[in-house]
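> Take a look and give me a structure for this.
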Amino acid sequence: MTYTGEVTPGGPSDVRELAGLTLRKMSVSQMHNNVYLLTCTATGEQLLVDAADDPERIARFIDEGTGRLGHLVTTHQHWDHTRALESVAAATGARTYAGADDADGLPVAPDVRLEHGDTISFGEVVLEVIHLRGHTPGSVALAYTEPDGPTHIITGDSLFPGGVGNTKNEGQSFESLYADVTSRIFDRYDDDTWIYPGHGGDTTLGVERPHLAEWRERGW
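Sure, this is the predicted structure:
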């Protein structure tokens, strides 16, 4: 596998071929926001996760796949993940999705308000929606399980290498986020599950699991 998950703003995307799905990752903005493009191998239908910034670069990113976009998911309402949302949604006509409890805080009202346990289908690909409360009320992660293979989870700003997302601001809750991340991700998925966060490099549950007690003790 040549995929590393290490991308930089202005640099090339990284591409990972999965069973039934091509995953592309790139970074935009000074905040190093990750943007993900998922392409169904069988049909070429595409889904983009987090139109964070730089709509022109995102348009070229979409063209790296099949050049068309049918689905646009926002993991959470924070401004750094939504700056290009209105432009990309208008340019592509893609169906938009976001967590129900974050929907009213977005610059574009989503066509679909997601709840925990929902699924999103595009082509022959099915993603499971995981609601992770604490970083924002309606943060969602997206899980894809390869046939006879591991699971891949795009976690937004709820889970990173080394810990859960930021919960230091008003309205955020470490207790809630830690509880959801442990019960809805670590307790459900195996160590080979790959984590694709909203900023920076990737990790796996196997790498992070030994540190759960440490995260709980330090409170972040």
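> now T155, what's its secondary structure?
For T155, the assignment made with DSSP: H, G, I helix; E, B strand; the rest coil gives strand.
> Can you give me the pLDDT of P107?
Reading off the confidence values, P107 has pLDDT 96.
> mind checking pLDDT for the residue lying closest to S158 once chain neighbours are set aside?
Using CB to CB, 6 or more residues apart in numbering and skipping residues adjacent in sequence, the residue nearest S158 is L132, 4.1 Å away. (Each C-beta comes from the backbone N, C-alpha and C, glycine too.) On the pLDDT scale, L132 is placed at 98.
> ok, what's across the strand from the residue nearest the centre of the chain?
Nearest to the geometric centre of the chain sits I154, at 3.4 Å (CA atoms, centre = their mean). Note on I154: beta-bridge partners by DSSP bridges are L142, Y196.
> what's the answer for V126, then?
Going by DSSP bridges, V126 forms beta bridges with S121.
> got a list of contacts for the longest helix along the chain?
Criterion DSSP state H: the longest helix present in the chain is helix 55-64. Defining contact as CB atoms under 8 Å, 6 or more residues apart in numbering, one finds that helix 55-64 is touched by 13, 15, 24, 26, 28, 35, 37, 46, 48, 51, 68-69, 84, 87-88, 91-92.
> per-residue confidence averaged over it?
98.
> okay, it in PDB with CA atoms only?
What follows is helix 55-64, C-alpha atoms only, in PDB (Å, rounded to 0.1, in the frame of the first residue of the first chain):
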ATOM      1  CA  PRO A  55     -13.800  25.600  -3.700                       C
ATOM      2  CA  GLU A  56     -11.600  25.700  -6.700                       C
ATOM      3  CA  ARG A  57      -9.200  23.100  -5.300                       C
ATOM      4  CA  ILE A  58     -12.200  21.000  -4.300                       C
ATOM      5  CA  ALA A  59     -13.500  21.100  -7.800                       C
ATOM      6  CA  ARG A  60     -10.200  19.800  -9.100                       C
ATOM      7  CA  PHE A  61     -10.300  17.200  -6.400                       C
ATOM      8  CA  ILE A  62     -13.700  16.000  -7.600                       C
ATOM      9  CA  ASP A  63     -12.300  15.800 -11.100                       C
ATOM     10  CA  GLU A  64      -9.500  13.400  -9.800                       C
END
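> Okay, and which of the contacts of helix 55-64 map to strands?
V15, R24, M26, V28, V35, L37, Q46, L48 (DSSP state E).
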